[in-house]
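S.K.: please find the sequence and the predicted model below.
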Amino acid sequence: MWNYYDMLLQDIRFEEGLNACMNCGVCTAICPAAEFYNYDPRQIVDIVQSGDNNEIEKLLKSEEIWYCGECMSCKTRCPRGNTPALVVMSLRTLSQKLGFFTESEKGRQQFAIKRTVGENIFKYGYCVATYAVSPEKHREQGPIWEYILENTNDVYERLGGQINELGAGPLRKIPEDAKKELRKIFDVTGGTDFFKNIEDHSKRKAEEMGLQFSNEGIDNEYFIEVYTANNKKHTL
Amino acid sequence: MKTEGKKKIWSEYQKEIADDHFFYVRSCIRQSFFPGSEQFFLHFMRNVLEKDVYENPSHTTCTGIGYHGDIVPLSTIMTVVARHFALMKEAGYKNIAISCVTSFGIYTEIIETWKHYPEELKKTREYLFKATGREFDIPENMAHTSDIIYKFRNEIAAKAKNLLVNKKTGEPLNVIEHIGCHYSKMFPKYGVGGAEFPNVLGGMIEAWGGRVVDYPERRHCCGFGFRQYLVQANRGYSLSNSVKKFNSMKPYKPDLILTNCPGCNMFMDKWQYTMKEMDGTVYGDNGESIPVLTYEELAGLVMGYNPWDLGVQYHMVQSEPLLRKIGIDYEPDNKFKTKDGRQMPVPKNLINV
């Protein structure tokens, strides 16, 4: 059996994020996630600090580690210089490496993030771009967003945009050689393998759940399930 | 409230902001949602202050939203950022100007990581060279673009055609400033005023005649939460946190929300629309919603630029109530026109119209 604590120690964010926690709970008091979710960063840090392998495994398969919004407000406030959000980030990375993330509804959402933001990085050279924010999936963007998408070139031209054209300017087309370098960086640093791992485990989970899965895009049952599912048991 | 002690504390958190010769890096969200803001910044720097600001079209995303969405590993983002530094070195620049608070936080985290773990810096150099053949230096000076506007806030005030004052009553406008968590909560020393008394926006507001509102949830997150917005099922988190802030600021009758971070701007604008749609709630005075502007848009308005050339009409909450309070003589017919003056369709169902 793996020793999860030792594995976490290999992540420098874990080493930086956890010194000795005295369980004061200031992180929970300041936490925007704890305000609305069944979430207590103090408790998560306490479990990890205990080194209890079974309890850490439960965390790696839990909903809780996916509730943090990574606002990092806890870093400012911890009187012992810990950063619970960094501990959570290292737990999330390990959960994905080991394939445990598909055990929870919130963890399975990593597939949706990979298929949207992750693919945007390779396709466009941006995490987010105007043409990648569809009104159907972002109703809260309102009528102005539909208007901007329907009149993109006119809107951008007046504001100095360079949409989809090479050369300097807002939302310029990223040159192919720059995108190739980005992809090569992902290959060399383990980013590509990390993406592939999310894909492999998600595909397996889709089969287990009896949901249709396709090797690309967002038009498949598994994507829609993980992007929208909410069992309503996450909040206080 | 006694402010002397507070002022003394934040004055100890002043950061050095370079004066000229910037390597400019854009923001995925700011350039997508507020392209006019980035262009105003460049216009102001290059044409008004006559500074040297260079932009390399090969600059890509920093992958920060992917990193905080936990799909991009730390070693990957460190190398992507190292590539940006390499582009800067190749162009002969040492001062970086960053248009995004998420990127700014990423850059601070990475530089601090390299300081604490020199072996990570060595590894990143090797990765970058292997992937691209490039080499890099760490910037000598790192500023968020709001730091630079803050630095030159008095120059803007000196050129002001409009002040943040209610023209009818002569009273300063009540301005909410929202800094954005990743500006200085992680590494206070990189932000003007640190994490306790960030003054990057407050300094602009006061220099331009407004009053900064000190309300209970002033430092609370806007609710982006990365995965908590990126995935549709989680958006209740994002909305709930914005609503917590709106409810807290409402009694202070804000005339305007000013944001540092492009993401925060988008959420505080669009979640007001959502709440109005859901149950009719509005958070401004007189049954109106509160306009949410970027610091570039506000600087442009203060300097007398045409609001429609800045792009303030492309938020959901429209700014006319604010423009009227300030006394800006805007042309309603010019609002939805192309660059060459052709009439565009007029969008329906916007707020504050």
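M.R.: Looks like it came in fine.
S.K.: so what's residue B:352 closest to, chain neighbours aside?
M.R.: residue B:318 (4.2 Å; CB to CB, 6 or more residues apart in numbering or on different chains). In this view, the C-beta of every residue, glycine as well, is placed from N, C-alpha and C.
S.K.: ok, now how distant is the closest residue to residue A:9 other than its chain neighbours from residue B:74?
M.R.: Nearest residue to residue A:9, sequence neighbours excluded (CB to CB, 6+ apart): residue A:15, at 6.4 Å. With distances taken as CB to CB, to the nearest Å, residue A:15 is found 12 Å from residue B:74.
S.K.: with residue A:159 instead?
M.R.: 35 Å.
S.K.: mind listing what's buried along stretch A:48-58?
M.R.: Across stretch A:48-58, burial judged by 16 or more other CB atoms under 10 Å in any protein chain shown covers A:48-49, A:56-57.
S.K.: sorry, slip of the keys, the one I care about is stretch B:83-102.
M.R.: For stretch B:83-102, by 16+ other CB under 10 Å, it's B:83-89, B:93, B:95-102.
S.K.: likewise stretch A:139-158?
M.R.: Neighbour-count burial for stretch A:139-158 [16+ other CB under 10 Å]: A:140-142, A:144-148, A:151-152, A:154-158.
S.K.: by proximity to chain B, which residue of chain A wins?
M.R.: In chain A, no residue comes nearer to chain B than residue A:69, which is 2.6 Å away by CB to the nearest CB.
S.K.: surely that residue touches residue A:36?
M.R.: No: applying CB atoms under 8 Å, one finds residue A:69 not in contact with residue A:36, separated by 10.0 Å.
S.K.: these two: who's more crowded?
M.R.: Ranked by neighbour count (other CB atoms under 10 Å in any protein chain shown), residue A:69 and residue A:36 place residue A:69 first, with 27 against 21.
S.K.: now do the helices in the stretch 151-300 of chain B.
M.R.: Here the stretch 151-300 of chain B has its helices, by DSSP state H, counting those that start in this stretch, at B:153-158, B:181-184, B:200-207, B:227-230, B:235-249, B:262-279, B:295-302.
S.K.: point out the most buried one among the ones you listed.
M.R.: Most buried of these by mean neighbour count (mean count of other CB atoms under 10 Å in any protein chain shown) is helix B:181-184; its value is a mean of 29.
S.K.: quick check, that helix touching chain A?
M.R.: Yes: using CB under 8 Å from any CB of the partner chain, we find that helix B:181-184 touches chain A at B:181-182.
S.K.: and what of stretch B:15-34?
M.R.: Yes: using CB under 8 Å from any CB, stretch B:15-34 reaches chain A at B:26, B:28-29, B:31-33.
S.K.: so how far is that stretch from its chain's centroid?
M.R.: When distances are taken as CA atoms, centre = their mean, to the nearest Å, stretch B:15-34 is centred 10 Å away from the chain's centroid.
S.K.: what's the first-to-last distance across it?
M.R.: The first and final residues of stretch B:15-34 sit 27 Å from each other (CA to CA, to the nearest Å).
S.K.: quick one: buried residues of it?
M.R.: Using 16+ other CB under 10 Å as the test for burial, stretch B:15-34 gives B:15, B:17-18, B:22-34.
S.K.: before we move on, the earlier item: tell me which of residue A:15 and residue B:74 has more neighbours.
M.R.: residue B:74 (21 against 15).
S.K.: which ones are touching the more buried one?
M.R.: A:11-13, B:67, B:113 (CB atoms under 8 Å, 6 or more residues apart in numbering or on different chains).
S.K.: pick the one among those closest to residue B:274.
M.R.: residue B:67 (27.0 Å; CB to CB).
S.K.: looks like residue B:39 contacts residue A:168 (just checking).
M.R.: No: look at residue B:39 against residue A:168 with CB under 8 Å: they stay out of range, at 10.7 Å.
S.K.: tell me which of those two has more neighbours.
M.R.: Between residue B:39 and residue A:168, counted using other CB under 10 Å, residue B:39 has the larger neighbour count: 22 against 15.
S.K.: let me know the secondary structure of the residue lying closest to the more buried one once chain neighbours are set aside.
M.R.: Nearest in space to residue B:39, with sequence neighbours left out and distances taken as CB to CB, 6+ apart, is residue A:160 at 3.4 Å. Secondary structure, DSSP: H, G, I helix; E, B strand; the rest coil: residue A:160 is coil.
S.K.: ramachandran angles for residue A:160?
M.R.: Per-residue torsions, residue A:160: phi 90, psi 20 (degrees, to the nearest 10).
S.K.: near it, how many other residues are there?
M.R.: Number of residues near residue A:160 (other CB under 10 Å) recorded here: 18.
S.K.: OK, contacts around it?
M.R.: The contact partners of residue A:160, by CB under 8 Å, 6+ apart, come to A:169-170, B:35-36, B:38-39.
S.K.: now whichever strand or helix holds the residue nearest to residue A:9: average pLDDT?
M.R.: In this assignment (DSSP states H and E), residue A:15 forms part of helix A:12-17. For helix A:12-17, the mean pLDDT works out to 96.
S.K.: domain ranges for the chain?
M.R.: Using chain A here. A:4-98, A:108-228 (automatic domain parsing).
S.K.: wait, chain B was what I had in mind.
M.R.: Domain assignment for chain B by automatic domain parsing gives B:22-145, B:155-334.
S.K.: now these as JSON lines including mean pLDDT?
M.R.: Converted to JSON lines, the domains of chain B look like this (pLDDT from 0 to 100):
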{"stretch": "domain B:22-145", "mean pLDDT": "98"}
{"stretch": "domain B:155-334", "mean pLDDT": "97"}
